[in-house]
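Colleague: Pasted the sequence and its predicted model underneath.
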Amino acid sequence: MTGRILGMGLMIGVLAAMAVADVTPHDAILTSNATTTITCQYTGGALSAGDWRITPAKDTYHYRLYVPPGYDPQSKDRYGCLIVFSPTGDADPGTAGWWLRRERMFGVSLVEAKNGPTEPIMGNFLAAFDDVKSRVPIADGFIVMTGMSGGARCTSVAAALRPGCGGLILQGAGFAIINGRFSTSATKTNPGMAVYGIFGLEDFNAPEMPTLAKALNGKVPFRCAVFDGQHDYAPPADMAEGLDYIQRWIYLKKPIDLKAMDMYKTKFLEWRQEATNATGWVQYQWLEKAQLLAKARKLSADKDLKEPLDWVDKTLATLAKDQAIIDNLAARELYNKTRDTEDAAQVSQWKAAGLEKALRAVTEGYQEVKQKYAQTPYAARAKWRLALIQSEVTLYGFGFEPLTQ
């Protein structure tokens, strides 16, 4: 009997060792600007956060870790991170992949998490989240989560279970629903985050936009955009706008985080470098972002930044006298004002009587951008939005033609 017990103990010990051996060691070599599949485990217990009482499944999970260009494990630099959920599993950054490369962020794409029971979904998330936070230097408050459909809903549960999230990009669905309402527990775990929603015009979940706005109650920075499509992933241009919205919130608008001064400084230098590699309006925009970041985060107090700060200010002042820059600034102001009106109308007037009136006013704004500032990139953007409104007008039978008005 004793021999059997000892034999059983030996077998259990071997199996445990095998399980541990399956986990990717923390000293595994990571190649920059490349993706590595990481094996991890969730061994924790039940969790309680706001509306959620979850017992994540204890199991072995996987995630695909994108390592940004220039990553040096010996450096003290910290990074942002994008965590991606998919309704069918095997998540992929998709149209956000270029953003990770340009902004030098880590990417975490969950493998097992997919539509179905919450326990394995959150098991995969927690195993990956806890592993990547201990494996590479990710800064709290600079984590963004995104997903499509059920994956979008999962982001709001995940953000309720772990702090450190700076924003959610929801594609094709709102927050997770509990007891017939959206759970906003994520905004309590992460009170400093922003939310950006992207829906197709004919998405069956699009009517959730005004409901989610009401649930967030103006207490969380929130914006929704629509594209000409159905229940699908956001097109590249819309995803880029969502990423830019969240990034601007984290770096330029949310209350300053004194523990993140290194992140602000690094990003300022990155944007300044981008400016040195560009010309004209593109250069102006990089410089402008760098200047806004420096002012918002009081970087002028850093003596090491005096020279680059002076260069940014002087170069901006010189460019601001160029007529092409002046035209682009005017075009951007009108386009952004019109776009703000459109996005607000889509949320507040979704399928309501006031939507047609709102879209007529928006059409006039985009037409002015297209005609008055034809030589700027905002003319093309205005044309793109007019095409979307044309689809919406056709869908709802409104009595005007945005493209010809």
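Modeller: Happy to help now that I have it. Residues are numbered from 1 along each chain as shown.

Colleague: quick one: contacts for the closest residue to residue 55 other than its chain neighbours?
Modeller: Nearest residue to residue 55, sequence neighbours excluded (CB to CB, 6 or more residues apart in numbering): residue 46, at 4.3 Å. To be clear about C-beta, it is placed using only N, CA and C from the backbone, and glycine gets the same treatment. By CB atoms under 8 Å, 6 or more residues apart in numbering, the contact list for residue 46 reads 53-56.

Colleague: Emit the ChimeraX select command for whichever of the residues you listed are buried.
Modeller: Per 16 or more other CB atoms under 10 Å, the buried members of those correspond to this ChimeraX selection:
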select :54,56
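
Colleague: In TSV, list the contacts of residue 46 along with pLDDT and secondary structure.
Modeller: Formatted as TSV, these follow (pLDDT from 0 to 100; DSSP: H, G, I helix; E, B strand; the rest coil):
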residue	pLDDT	secondary structure
53	96	strand
54	95	strand
55	96	coil
56	96	coil
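
Colleague: hmm, which two among the contacts of residue 46 are most spread apart?
Modeller: Using CB to CB, the two most remote members of these are 53 and 56, lying 11.3 Å apart.

Colleague: Quickly list what's touching both of those two.
Modeller: Overlap of the contact sets of residue 53 and residue 56 (by CB under 8 Å, 6+ apart) consists of 46-47.

Colleague: ranges for the helices of the protein?
Modeller: 2-22, 97-103, 118-135, 150-161, 186-189, 208-216, 236-248, 261-276, 280-296, 306-319, 323-348, 354-372, 377-396 (DSSP state H).

Colleague: which of these sits most buried?
Modeller: helix 150-161 (a mean of 26; mean count of other CB atoms under 10 Å).

Colleague: Against which helices or strands is that one packed?
Modeller: Using 3 or more CB pairs under 8 Å, 6 or more residues apart in numbering; DSSP states H and E, the elements in contact with helix 150-161 are strand 47-49, strand 52-54, strand 79-85, helix 118-135, strand 138-148, strand 165-171, helix 186-189.

Colleague: what pLDDT, on average, does the first one get?
Modeller: Read that as strand 47-49. Strand 47-49 shows a mean pLDDT of 95.

Colleague: likewise the fifth one?
Modeller: In this model, strand 138-148 carries a mean pLDDT of 97.

Colleague: Tell me which residues of stretch 105-120 come out buried.
Modeller: 105-114, 120.
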